[in-house]
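Student: sharing a model that was predicted from the sequence below.
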Amino acid sequence: MAFTAKDVQALREKTGVGMMDCKKALTEADGDFDRAVDILRERGLAAATKKAGRITAEGVVLAVFDEASKVAVLVEVNSETDFVGKNAEFQSFVADIAKTVREENPADVDALLACKLSGADRSVEEMRQEKVLSIGENLSIRRFVRLEGNAATYVHGGGSMGVLVEFATDDATAGSDAFKAMGKDIAMQVAAMGALYLDKSSVPADVVEHEKGILLAQIAEDPKMANKPEKVLAGIVQGKLGKYYSEFCLLEQPFVKDEDLTVAAYIAKVAKALGASIEATGFTRYVKGENMQKKEDDFAAEVAKMIQ
């Protein structure tokens, strides 16, 4: 399978490994991108990636929680330029879209487009087309999530990232200042540390087996491990899996404001102080434009020279 300069560039951006090593890995993997990532990891050149992808599209991510209705909404709306993403008219339109999602509970983006925009007498799609004309750029509603119940939200960098965290607790607890502060802390943790899963039990079995394979390949490359008994090697793998969980599972992560506590322990500490039961049950993290791509830059030409 052939590969291109764009593939080398993408592999470099995904793994942080040098271009020559990326080219060699793609060559060895016969152009298979995911296999090339594994090859680099097996050689200890790349850490486990969070698969965030290239962040290139503009626009805004908005996260809002309405305490009265107990409905939280996270939505991403894209524009062509960052300038428009900061435009007050555009941001007001995004806020109305989030309100429409809260009020109408559409099943998907197509259903949302057919809804009447909150506060307007026309559909979301009709208003989108009007905004395209008035703002002068193409606009698209990419995705949204809507949750009913107690939640916490956080928006970073003026809409470059948004987080929604869902909690199971009673309404009196959720209304307390201590809970709200904790909820914001957890949402900021998700934003900063980019967890992929809620806890160890949330990690799919095939992902666990894949990680074990990577770890075993790394061990096989280490001469110091050559004569170790299988039982010892199995223990080493389990220990390294623990590090994987502590990096990628929210509740297993060290709490950023007190690394002596895990996130789970921090939640338990707040719950104990409030005399309540609090459980984080899920989260969603949107990064503006993740896995979307704009026009190529000159770096692709630089990489192309290495493939010739």
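Tutor: That came through, no problem.

Student: okay, now the domains of the protein?
Tutor: 1-53+295-308, 55-147 (automatic domain parsing).

Student: which residues does the residue lying closest to Ala151 once chain neighbours are set aside bridge with?
Tutor: Leaving out its chain neighbours, the residue that sits closest to Ala151 by CB to CB, 6 or more residues apart in numbering is Ala72, at 3.8 Å. For the C-beta atoms, the positions are set from N, CA and C on the backbone; glycine is no exception. Beta-bridge pairing for Ala72 (DSSP bridges): Phe65, Leu147.

Student: pLDDT weak spots in the chain?
Tutor: 47-57, 226, 293-308 (pLDDT under 70).

Student: quick one: the helices in it?
Tutor: Secondary structure of the chain (DSSP state H): helices at 5-15, 19-28, 33-42, 82-85, 88-104, 109-114, 124-135, 171-174, 177-193, 205-220, 230-248, 263-274, 299-307.

Student: so for Glu67, which of those helices sits nearest?
Tutor: helix 171-174 (8.3 Å; CB to CB).

Student: report all helices and strands that the closest one contacts.
Tutor: On a contact count with 3 or more CB pairs under 8 Å, 6 or more residues apart in numbering; DSSP states H and E, helix 171-174 meets no helix or strand.

Student: if we go to 10 Å?
Tutor: Applying 3 or more CB pairs under 10 Å, 6 or more residues apart in numbering; DSSP states H and E, one finds that helix 171-174 contacts strand 150-156, strand 161-168, helix 177-193, helix 263-274.

Student: Thr81 is nearest to which of these?
Tutor: By CB to CB (comparing all of these), the closest turns out to be strand 161-168, at 18.3 Å.

Student: any buried residues in the closest one, and which?
Tutor: Met161, Gly162, Val163, Leu164, Val165, Glu166, Phe167 (16 or more other CB atoms under 10 Å).

Student: residues contacting the fifth one?
Tutor: If you count contacts by CB atoms under 10 Å, 6 or more residues apart in numbering, Val165 has them with 63, 65, 72, 147, 150-154, 183-190, 198, 250, 280-285.

Student: perfect, that will be all.
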